[in-house]
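>>> Below are the sequence and a predicted model; questions follow.
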Amino acid sequence: MKEIHELNLPEEVRYAEDHEWVRSEESKFIVGISDYAQDQLGDIVFVELPEVGAALSKGEAFGTVESVKAVSELYMPVGGTILAINGELEESPELVNSQPYGQGWMIEVQPGEAKEIDVLMDQKAYLEMLKGL
Amino acid sequence: MVETGKKTRLHDWHVQQGANMARFGQYDMPLWYRAGAKSEHLAVISASGLFDTSHMCAVIVEGNDARGLLQQCFSKNLQVCIGKQQSPLTAGRSVYGVFLAENGSVIDDAIVFELNDQLYLVVVNSGMGPEISAHLRSHSGNRSVDISDLSDELGKLDVQGPASARILGKVLADPERVFAELPYFSFKGHFDPASPLSEAAVLLDGTPILLSRTGYTGEFGFEIFIKPEHFVPAWERILAAGQDYNLLPCGLAARDSLRAGALLPLSHQDIGAWPFINNPWEFALPFNADRSGFTKQFVGADALLNLQDDMYTYAFAGSDLRKVTAQDPAAVLDRSGETVGTVLTCATDMAIGRHNGRIFSIASADKPAGFQPRGLCCGFVKVTRSLQPGETVRLKDNRRSIEVEIVTDIRPARTARKAMARFLK
């Protein structure tokens, strides 16, 4: 298990309580799970993602991530329409372990309400939350 | 903060190595190390894995009537249990079975080791030493027998996988002699230096061990019982010796996925508070030839022969790696959609996959060219009616439902029972 100081927690993304991250790119949001989440789950062997075009509200499940240990829900950190999914994860789910903020991204979202990202935690707040776990 | 559990002697080592730790029974145990559970699972199939299993308990049963007490309490008939000949348990051999309550439910499963005809080592699960000791005492009556619980007085580590003998060959004094005539479910040596048996299996530094050709992965390998003070040095020496053989330290996640694929039950999950019968492990019961009764009387036997409600436990294998969460809980649905039972274990064996419907392992000699399986979900279900191998049922938790096949075996090409010679080359 990674120690808190070993975690890769980039400053340019926002974090949700359920350990998803959101990165704002132009008018779209990219979503994945944090380094903490992938470390807790262990080897990720399967990722189930939504249909492109699906409209999901904040907090709704958009898929599942399956590790050797457990199957976990993935929750929308912001509401919106699914513009794209990371098809590479079907063949290479381990990308979520190795590059959680890069090639291991999960969905691209057209936000319904762009301001929803503002209520998510910044790196500092997320780190504080993790220290309390 | 989560309340911390008991620690094995390797606890600090596990943490230093970056293991993900979790509570298992009373102990904080490693789930996996940095390599990850998948690599650890595959290492045991193709190379070797080293497991800290010192959370398990051992009970010594000693005295003129030790065998008689075990005959009364343990499910296996110790007079009729070894090999195809079904010969009696003798010194240096061991046997798997269960301890049942009067109502036929399982207190725990165990391996009984015969050190001599008045001295038996009974190895049970984590935290079960006191309960099994009390159970044996309650049935000892006027018998001349001493029962001592070795909980926390014994270290145990498992070396599992095809390279295990070659690795241990580097740390044992006189490995040729130790490995000679050491079939599956036999053992040599003793962890107590005072025992005359102890000279039969000794490490290079003189540490006496009890070396047993058993394990809980379905693969060739050994369980080593050792005094706690020698445990950490022995672990480190074996790990160092294994460097040239791709030995990996393995956590409980790999142990769970390996044992599920090998059709081995997890006590208090796949066997437990219901009658021990109509399951894949009836070989642990002393049935007579025509299965009309048992070859001996033992605690729980009457209940098993006079069942009120039939329950059936079966192994299953899925069509891909996706699991349901047994603790969710997950239900078993028959073809008409009716709920017929519950899921006991659902794990992913990462070394296997289906090709044209048939299950192959990365160790299968006849695997298809370029075979790179992603794993298959597998485990055990408990249902209210009998099912046939090949029948399909659906497993449904709160997230998903998957179709699985009732099977009589899961991971092919397992090595546990293979002759020692092929692993010494």
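Okay, I see it.
>>> Please make it C-alpha for all contacts and neighbour counts, starting now.
Noted.
>>> what residues are up against the residue nearest in space to the middle of chain B?
Nearest to the mean C-alpha position of chain B, by CA atoms, centre = their mean, lies B:Tyr216 at 3.1 Å. Applying CA atoms under 8 Å, 6 or more residues apart in numbering or on different chains, we find B:Tyr216 in contact with B:255, B:258-259, B:264.
>>> Skipping adjacent residues, who's closest to the closest residue to chain B within chain A in space?
Nearest to chain B, among the residues of chain A, is A:Met1, at 4.4 Å (CA to the nearest CA). Of all residues not flanking A:Met1 in the chain, B:Asn20 sits nearest, at 4.4 Å (CA to CA, 6 or more residues apart in numbering or on different chains).
>>> Burial check on B:His139, number of neighbours?
Neighbourhood size, B:His139 [other CA atoms under 10 Å in any protein chain shown]: 14.
>>> how much space between it and B:Leu239?
As judged by CA to CA, to the nearest Å, B:His139 and B:Leu239 stand 42 Å apart.
>>> Paired strands for the helix or strand bottoming out on mean pLDDT in chain B, with orientation please.
Lowest on mean pLDDT, DSSP states H and E among the helices and strands of chain B sits strand B:20-24, with a mean of 93. Pairing partners of strand B:20-24, with direction, according to DSSP bridges: strand B:27-32 (antiparallel).
>>> Let me see the mean pLDDT of the strand it pairs with.
Mean pLDDT, strand B:27-32: 96.
>>> can you give me how far the helix or strand following it is from the chain middle?
Once the chain leaves strand B:27-32, the next helix or strand it forms, by DSSP states H and E, is helix B:37-46. On the basis of CA atoms, centre = their mean, to the nearest Å, helix B:37-46 sits 17 Å off its chain's mean C-alpha point.
>>> got it, and stretch B:197-217?
The answer for stretch B:197-217 is 18 Å, by CA atoms, centre = their mean.
>>> Please apply the same query to stretch A:88-105.
Its chain's C-alpha centre and that of stretch A:88-105 lie 11 Å apart, by CA atoms, centre = their mean.
>>> and that stretch, how far apart are its ends?
First-to-last residue span, stretch A:88-105, CA to CA: 10 Å.
>>> And chain B, is that stretch touching that?
No. On the criterion CA under 8 Å from any CA of the partner chain, stretch A:88-105 is out of touch with chain B, staying 9.5 Å away.
>>> Okay, buried residues for that stretch please.
Going by neighbour count (16 or more other CA atoms under 10 Å in any protein chain shown), the buried part of stretch A:88-105 is A:89, A:93-98, A:100-101, A:103-105.
>>> just to revisit the earlier point, give me the pLDDT value at the residue of chain A closest to chain B.
Looking at A:Met1, the pLDDT reads 84.
>>> how much space is there between it and B:Arg23?
For A:Met1 relative to B:Arg23 (CA to CA), the value is 14 Å.
>>> nearest residue to residue 126 other than its sequence neighbours?
With no chain named, the answer covers chain A. Nearest to A:Tyr126 is A:Tyr15, by CA to CA, 6+ apart, at 6.3 Å.
>>> wrong one, chain B
That would be B:Met56: by CA to CA, 6+ apart, it lies 4.1 Å from B:Ser126.
>>> For the one you found, give me the pLDDT.
At B:Met56, the model reports a pLDDT of 95.
>>> which residues does the residue of the stretch 101-250 of chain B found nearest chain A bridge with?
Shortest the stretch 101-250 of chain B-to-chain A distance, computed as CA to the nearest CA: residue-wise this is B:Cys250, at 13.3 Å. Note on B:Cys250: beta-bridge partners by DSSP bridges are B:Phe51.
>>> same check, this time on B:Gly379
Beta bridges link B:Gly379 to B:Phe316, B:Cys346, judged by DSSP bridges.
>>> burial count for it?
Around B:Gly379 there are 32 residues (other CA under 10 Å).
>>> Could you export stretch A:37-49 as CSV, CA atoms only?
Only the C-alpha atoms of stretch A:37-49 are listed here, as CSV (Å, rounded to 0.1, in the frame of the first residue of the first chain):
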residue,chain,number,x,y,z
ALA,A,37,-8.3,4.5,-5.5
GLN,A,38,-6.2,2.3,-7.9
ASP,A,39,-3.8,1.4,-5.1
GLN,A,40,-6.6,0.4,-2.7
LEU,A,41,-8.3,-1.7,-5.4
GLY,A,42,-5.2,-3.6,-6.5
ASP,A,43,-4.8,-5.2,-9.9
ILE,A,44,-7.6,-3.9,-12.1
VAL,A,45,-8.8,-6.7,-14.4
PHE,A,46,-12.0,-5.2,-15.9
VAL,A,47,-13.6,-1.8,-16.4
GLU,A,48,-17.2,-1.4,-17.4
LEU,A,49,-18.0,1.9,-19.0
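>>> Now find how far off-centre it is within its chain.
The answer for stretch A:37-49 is 11 Å, by CA atoms, centre = their mean.
>>> tell me the average confidence for it?
On average, stretch A:37-49 scores 96.
>>> Up against chain B, what does chain A have?
Contacts of chain A with chain B, taken as CA under 8 Å from any CA, map to A:1-2, A:40, A:42-43, A:45-46, A:66, A:68-71, A:133.
>>> Out of those residues, which end up buried?
Buried among the residues of chain A next to chain B by 16+ other CA under 10 Å: A:1-2, A:42-43, A:45-46, A:66, A:68-71.
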